[in-house]
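Visitor: no FASTA, just this:
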Ligand SMILES: Nc1nc2c(ncn2[C@@H]2O[C@H](COP(=O)(O)OP(=O)(O)OP(=O)(O)O)[C@@H](O)[C@H]2O)c(=O)[nH]1
Ligand SMILES: [Mg+2]
């Protein structure tokens with residue numbers, strides 16, 4: 001699967017819904033779709049970014065750390081459209097492809113519908129539970145992350161204002177070990193809450209080609225850039 005000129009494609013969220021919550025791997029839905037896991041420390045903005053990606057407030061977010069306590073699955077369908085004048089979609093696998101004719105522009109627009117599952121996780125490093133609960137919790141989480149082969153993309157969310165935290169270095173090591181041992185999944189870093197940066201720090205991150213986003217002050221371009229980065233990495237295009 002390969003798309004020429006991704007800047008001339010547009011991603012639309014067609015429909016999204018909450019699937020189910022799970023605490024252990026046996027309670028999870030069947031691994032039938034490409035899954036994208038949102039990981040990061042507590043309060044970094046995992047649930048908020050999932051709502052942005054689903055185009056619906058389905059994941060519960062809160063200013064109080066530790067809001068998400070279970071592994072939550074959300075289903076969505078994204079539509080990728082390309083104007084034939086600018087780009088060509090080469091379809092190889094079982095994705096649903098529709099060809100439409102845009103009479104006004106007298107150009108042919110192709111689109112494909114792509115089912116995706118987003119997984120919202122409890123935050124790493126959330127300490128306001130008893131030590132025993134935390135141990136069991138962490139064990140279930142790491143077990144799940146290691147065993148769930150349908151996860152094709154691990155998104156590591158990092159707070160734009162605090163890019164050198166020890167906990168993020170630990171999360172990165174943990175996720176790199178998984179993505180390096182499996183050939184079929186990727187790791188993508190996303191810098192959250194970029195609205196809280198001053199101009200100079202914002203431009204510093206951008207100069208390093210980092211993907212940044214604000215779920216509060218977002219632009220259509222920033223949303224499209226995020227959608228494209230996630231879609232292309234998760235489908236290994
Ligand atoms: N300014 C700003 N605030 C944000 C942004 N994204 C999320 N927040 C706020 O940050 C807080 C935490 O957001 P959540 O999405 O609940 O974070 P989380 O990582 O899911 O947190 P846990 O479930 O506790 O691990 C909420 O008050 C959000 O409104 C952003 O881009 N900019
Ligand atoms: Mg959350």
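Guide: Looks like it arrived, so ask away. All values derive from a computational prediction rather than experimental measurement. Ligands and ions are numbered 1, 2, ... in the order given.
Visitor: For this structure, which residues are neighbours of ligand 2?
Guide: 46, 47, 67, 68 (C-beta under 5 Å from the ion). Bear in mind the C-beta positions are built from the backbone N, C-alpha and C, glycine included.
Visitor: min pLDDT across these, which one?
Guide: Minimum pLDDT across the residues of the chain next to ligand 2 is recorded for residue 67, with 78.
Visitor: How about residue 36: what's its closest non-neighbour residue?
Guide: residue 153 (4.6 Å; C-beta to C-beta, 6 or more residues apart in numbering).
Visitor: picking up where we left off before, biggest separation within the residues of the chain next to ligand 2, which pair?
Guide: The span of the residues of the chain next to ligand 2, defined through C-beta to C-beta, is set by 46 and 67 at 9.4 Å.
Visitor: which one of these two has more residues nearby?
Guide: residue 46 (28 against 18; other C-beta atoms under 10 Å).
Visitor: And the pLDDT at the residue lying closest to residue 149 once chain neighbours are set aside?
Guide: Leaving aside its chain neighbours, residue 149 sits nearest to residue 31 (6.6 Å; criterion: C-beta to C-beta, 6+ apart). Residue 31 is assigned a pLDDT of 95 by the prediction.
Visitor: can you tell me the helix or strand for residue 51?
Guide: Applying DSSP states H and E as the criterion places residue 51 in helix 46-54.
Visitor: Oops, could you answer that again for residue 176 instead?
Guide: With DSSP H and E as the test, residue 176 turns up in helix 166-181.
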